[in-house]
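[1] Sequence first, predicted coordinates after that:
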Amino acid sequence: MPHTIDISDREFAQFQRFIHEAAGISLSAAKKALVSGRLAKRLQQCQLHSYGDYFSLLASGTAGAEVQAAIDLLTTNETYFFREPKHFDMLRQYVDQVHRRGQPLRVWSAASSSGEEAYSIAMVLADCLGDAPWEVIGSDISTRVLERARLGHYALERTTHIPPAYLKRFCLKGTGLQQGTLLIDRGLRQRVRFLQVNLNVPLPQLGTFDLIFLRNVMIYFDTSTKQQVVARVISLLKPAGRFVIGHAESLHGVSELVQPLTPSVYSRSAAMQR
């Protein structure tokens, strides 16, 4: 079997529809090489000779595990610890000024990828609240990145933005065979739950949250998908809660359910409060 297989425009269009229906992600024509590159090994693994054959396998209804494998490969999962630091300053201020002490604080990292965002949130909460009741939920559509998140084991170069005091308090530096890696402390890992959640379909029973982070994922959605996803997610935000998106994203024309507080940070709108 040849090492490289070309993907036709027709086959690429099939995978554009596939990932839009599965995850709400809109792939532009510029992503054609990305799609063929990420799926090439799956064709070889399945002993198929074209991307059309692979799409037929996914559409057959008999290959659920392979469908998940394709979704894992086609969803973008770039992240790092304490990305967009002002959001974590906001989180500290919320805990100090808004959160009612004694009440359980719940935060949802709704596109948590391999866990760096969820653990960054957990470090701040552990610092601010200690043993008081709090919980972080991290969710993603990709089972592959969720497995990595649960391990809490990262290459050292991915941890450069963690504040030094947090590195010392919440992280274990690998030695010997684990040199060059870092493990999130067990006590912190136990305060974070990771779940598979597809934001493009009705949500499971997750409860309500004081803060919801949905950062750097809506850039891959079209307007209609953004509107549906934001409506679903905001329905789980508590009345005094905060909804956080990426600095490069906008809710203009997307939702009237929230109102801006600061750039990329929103509260529930007055209409929703009633």
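    Yes, it's here.
[2] now the helices for the stretch 151-274 of the chain?
    Per DSSP state H, counting those that start in this stretch, the stretch 151-274 of the chain carries helices over the ranges 164-170, 186-189, 223-234, 270-273.
[3] So for the first one, could I get the coordinates as CSV, restricted to C-alpha?
    It refers to helix 164-170. Output of helix 164-170 as CSV, limited to C-alpha atoms (Å, rounded to 0.1, in the frame of the first residue of the first chain):
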residue,chain,number,x,y,z
PRO,A,164,6.9,29.2,40.4
ALA,A,165,5.0,29.0,43.7
TYR,A,166,2.4,26.7,42.0
LEU,A,167,5.1,24.6,40.4
LYS,A,168,6.6,23.9,43.8
ARG,A,169,3.2,23.3,45.5
PHE,A,170,1.2,21.4,43.0
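[4] From the chain's centre, how far out is it? Work that out for me.
    24 Å (CA atoms, centre = their mean, to the nearest Å).
[5] One more: the third one?
    On the basis of CA atoms, centre = their mean, helix 223-234 is displaced by 15 Å from the centre of the chain it belongs to.
[6] Residues in contact with that helix: which ones?
    20, 24, 26, 110, 199-200, 202-203, 212, 214, 218, 221, 243, 251, 253-255, 257-258, 268, 272 (CB atoms under 8 Å, 6 or more residues apart in numbering). Every C-beta, even on glycine, is put in place using the N, C-alpha and C of the backbone.
[7] What score does residue 184 have for pLDDT?
    Per-residue pLDDT puts residue 184 at 98.
[8] now residue 158
    Taking residue 158 on its own, its pLDDT is 88.
[9] Can you say which of the contacts of helix 223-234 are buried?
    When the contacts of helix 223-234 are checked for burial by 16 or more other CB atoms under 10 Å, the buried set is 20, 24, 26, 110, 199-200, 212, 214, 218, 221, 243, 251, 254-255, 257-258, 268, 272.
[10] Could you tell me which of those belong to strands?
    The strands, defined by DSSP state E, take in 212, 243, 258, 268 from the buried ones among the contacts of helix 223-234.
[11] show me where the protein has strands.
    Counting by DSSP E, the strands of the chain are 105-109, 134-140, 153-155, 171-173, 181-184, 192-196, 209-213, 237-244, 258-262, 265-268.
[12] neighbouring strands for the first one, and are they parallel or not?
    Looking back up the chat, that one is strand 105-109. Looking at strand 105-109 with DSSP bridges, its partner strands are strand 134-140 (parallel), strand 209-213 (parallel).
[13] before we move on, back to that, tabulate the strands of the chain (a markdown table), appending distance to residue 34.
    Formatted as a markdown table, the strands of the chain follow (distance: least, CB to CB, whole Å):
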| stretch | distance to residue 34 |
| --- | --- |
| strand 105-109 | 25 |
| strand 134-140 | 19 |
| strand 153-155 | 23 |
| strand 171-173 | 32 |
| strand 181-184 | 28 |
| strand 192-196 | 23 |
| strand 209-213 | 25 |
| strand 237-244 | 27 |
| strand 258-262 | 32 |
| strand 265-268 | 31 |
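[14] between the strands paired with strand 105-109, which gets nearest to residue 164?
    strand 134-140 (21.8 Å; CB to CB).
[15] and the closest one, how far from the chain's centre?
    10 Å.
[16] just how off-centre is stretch 210-223 within its chain?
    For stretch 210-223, the distance to the chain centre is 9 Å (CA atoms, centre = their mean).
[17] ditto for stretch 12-22
    With CA atoms, centre = their mean, you get 20 Å for stretch 12-22.
[18] can you check stretch 118-137 too?
    18 Å.
[19] so how far does it reach from one end to the other?
    Stretch 118-137 has an end-to-end distance of 7 Å (CA to CA, to the nearest Å).
[20] Can you list the low-confidence ranges for the protein?
    1-3, 76-77, 270-274 (pLDDT under 70).
[21] if I pick the residue nearest in space to the middle of it, what's in contact with it?
    With distances taken as CA atoms, centre = their mean, residue 111 lies nearest the centre of the chain, 1.7 Å away. Contacts for residue 111 were tallied using CB under 8 Å, 6+ apart; they are 139-140, 199, 213-217.
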